[in-house]
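Asks: okay, here's the prediction I keep looking at, along with the sequence it came from:
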Amino acid sequence: MFRRYSTNYIILSILIDGIFTVLSLYSAAYLRPIFNEMQLVKEIVDPIELQLGIYIISLIVWIGIFYSSSVYDIRNNASFFQEFSNLLFASSLGALILAGIMYLTYRNVSRLLFLLFIVQVIMATFIWRLVPWILIKFRFNDENSRAFLIIGTGKIGIELRDRIVENPQLNLSFAGFISDDKKSTENTIDAITPIKDLRNTIVSKKIQDVFITLPRDKFAAVDHLVQLLYDMPVTIWVIPDYFSLVMQRAEVEEFAGIPLLNLRAPALRKHQVLVKRIFDLILALFISPLFLAIMAVISLVLKIEGKGPVLYIQDRVGQNGRLFRMYKFRTMVIGSDIEYAGIEDVDEADIIHHKFPDDPRITKVGKILRKSSLDELPQLFNVFLGNMSFVGPRPELPWVVAGYEKWQHKRFSISPGITGWWQIMGRSDRPMHLHTEDDLYYIRNYSILLDIRILLITIGKVVKGEGAF
């Protein structure tokens, strides 16, 4: 069986995608005449025979886009959502580029035929990739897993072990720790082998990967360990103990031929940022007619209720710590900001809640808007402007951020959202300090499918009126 992370598996993936691309084109040409009876479809009597050039162009574009979009970079697709979000982006981009090329070259190709081809090839490339995940789920490939050792039993080593063990799709089997630190036995129940037995352990346990996770004060030993393993058939991975310095995501880059470790790499990759922005704009344009009508009605009601501005504009902390002006419908009486300091709620654990039931500052209409979350509709303008997304970390108040610890600033690595993981986990009734952990979870596990999931759950919670006040 091909190992999921092997070169053979990548070649097999390209071959299967190529076959499905050709078969989907052929099938689309065969099926096209069947749709002659449909309205607005031009009747085609004779069977369609596509030119060889169409097959060649489609094959090159489809595989080329997949390759450049990291679909075949298996180690960047360690989770189900990562792989299928990359696949969704590559398929969408491939369809757009191929449509443009066909328009400029083979304009006689039926639009319905092209649509049939796109639907079939996307379904095929999605479905066959489910097979490896099903095999992983039922552990049919345990005999082909790669055994690995971890040198070092510090925090980084233990966390690495836990993450790998929690992700069986990595197809790695933990064989134990290597360490001369006798005190480390208190930190783990796994067997610990001394460094002097490293070579024998690699041979006896058929180790294929060795991870070096030594703390900074012992990093001089790395050279010795590499020399010790130079003639052994293992892959050596060095994990530098710099993660306490990483604000967002670490990334190895090459500058003037020199490999550098970027400690402030963007939290999302370029194609993820692009997909997220396109998704936001398309969704915003789609819902704008309905939401603008609702906002017009709300504005009229607020004006009838009393004096004061319809919108409440407030500075919030956005991506990379930049301030931006966030728009909401006004739900409090005029001047409530001045009285804020004496009114916030503090629970028994000395945790501040900046939202709480029965707030005397909230107007009658404001209570309805908050309960239904309609007060947040003007944030649609923030989405159009690009300083907010539909899904993302909480757009926090500057005075709250002023009390942050350093690690909490990691949440500003992407644009804040109207909703997010923080909201579906508790909304307004969730303690403020827990929002950061929810935001960091979202950033680490981001995918376009996760965004869609959060939006659907948010709609359900808004309809039920859960946790908002």
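Replies: That came through fine. For clarity, every value in this text was computed on a predicted model and none was experimentally measured. Residues are numbered from 1 along each chain as shown.
Asks: please enumerate the strands of the stretch 301-450 of the chain.
Replies: Remark: strands assigned in the stretch 301-450 of the chain by DSSP state E, counting those that start in this stretch are 311-317, 323-329, 345-346, 352-353, 389-391, 417-419.
Asks: what's the mean pLDDT across the second one?
Replies: Meaning strand 323-329. When pLDDT is averaged along strand 323-329, the result is 93.
Asks: just how off-centre is it within its chain?
Replies: Distance of strand 323-329 from the chain centroid (C-alpha atoms, centre = their mean, to the nearest Å) equals 25 Å.
Asks: ok, residues contacting that strand?
Replies: With contact meaning C-beta atoms under 8 Å, 6 or more residues apart in numbering, strand 323-329 is reached by 295, 298-299, 302, 310-318, 366, 369, 374-379, 381-382, 387-388, 395, 398. C-betas here are computed from N, CA, C, even on glycine.
Asks: helices - which of those residues land there?
Replies: 295, 298-299, 302, 366, 369, 379, 381-382, 398 (DSSP state H).
Asks: still on that earlier bit, of all the strands of the stretch 301-450 of the chain, which one comes closest to Asp223?
Replies: Closest approach to Asp223 among the strands of the stretch 301-450 of the chain (C-beta to C-beta): strand 311-317, 43.3 Å.
Asks: distance from that closest one to the middle of the chain?
Replies: Centroid separation between strand 311-317 and its chain, computed with C-alpha atoms, centre = their mean, is 27 Å.
Asks: now the angle from it to strand 323-329?
Replies: Interaxial angle of strand 311-317 relative to strand 323-329 (axes from the mean of the first three to the mean of the last three C-alpha atoms, to 10 degrees): 150 degrees.
Asks: ok, back up a step: just the buried subset of the ones in helices among the contacts of strand 323-329, please.
Replies: Buried residues within the ones in helices among the contacts of strand 323-329, counting neighbours by 16 or more other C-beta atoms under 10 Å: 295, 298, 302, 366, 369, 379, 381-382.
Asks: can you get me a residue count around Ile371?
Replies: In this structure residue 371 is Lys, not Ile. As a burial measure, Lys371 scores 14 neighbours (other C-beta atoms under 10 Å).
Asks: my guess is it contacts Gly465. True?
Replies: Yes: assessed by C-beta atoms under 8 Å, Lys371 is found in contact with Gly465 at 5.5 Å.
Asks: so which residues of the stretch 201-350 of the chain form helices?
Replies: 221-228, 270-305 (DSSP state H, counting those that start in this stretch).
Asks: least reliable of the ones you listed going by mean pLDDT?
Replies: Least confidently modelled of the helices of the stretch 201-350 of the chain is helix 221-228, at a mean of 83 by mean pLDDT.
Asks: what about it, distance to the chain center?
Replies: How far helix 221-228 lies from its chain's middle: 36 Å, per C-alpha atoms, centre = their mean.
Asks: in it, which residues are buried?
Replies: Residues of helix 221-228 classed as buried by neighbour count (16+ other C-beta under 10 Å): Leu225.
Asks: again, but for stretch 90-99
Replies: For stretch 90-99, the neighbour count (16+ other C-beta under 10 Å) marks 90-95, 98 as buried.
Asks: what sits up against it?
Replies: By C-beta under 8 Å, 6+ apart, the list of residues contacting stretch 90-99 from outside reads 57-58, 61-62, 65-66, 69, 71, 114, 118, 121-122, 125, 275.
Asks: below-threshold pLDDT in the stretch 101-250 of the chain: ranges please.
Replies: Judged by pLDDT under 70, the stretch 101-250 of the chain has its weakly predicted residues at 136-144, 168-169, 182-191, 241-250.
Asks: could you give the number of residues near Pro395?
Replies: Applying other C-beta under 10 Å, we find 22 residues neighbouring Pro395.
Asks: now do the spatially closest residue to it that is not a sequence neighbour against Asn445, distance only.
Replies: Once flanking residues are discounted, Pro395 sits nearest to Pro416: 3.7 Å by C-beta to C-beta, 6 or more residues apart in numbering. According to C-beta to C-beta, to the nearest Å, Pro416 and Asn445 sit 17 Å apart.
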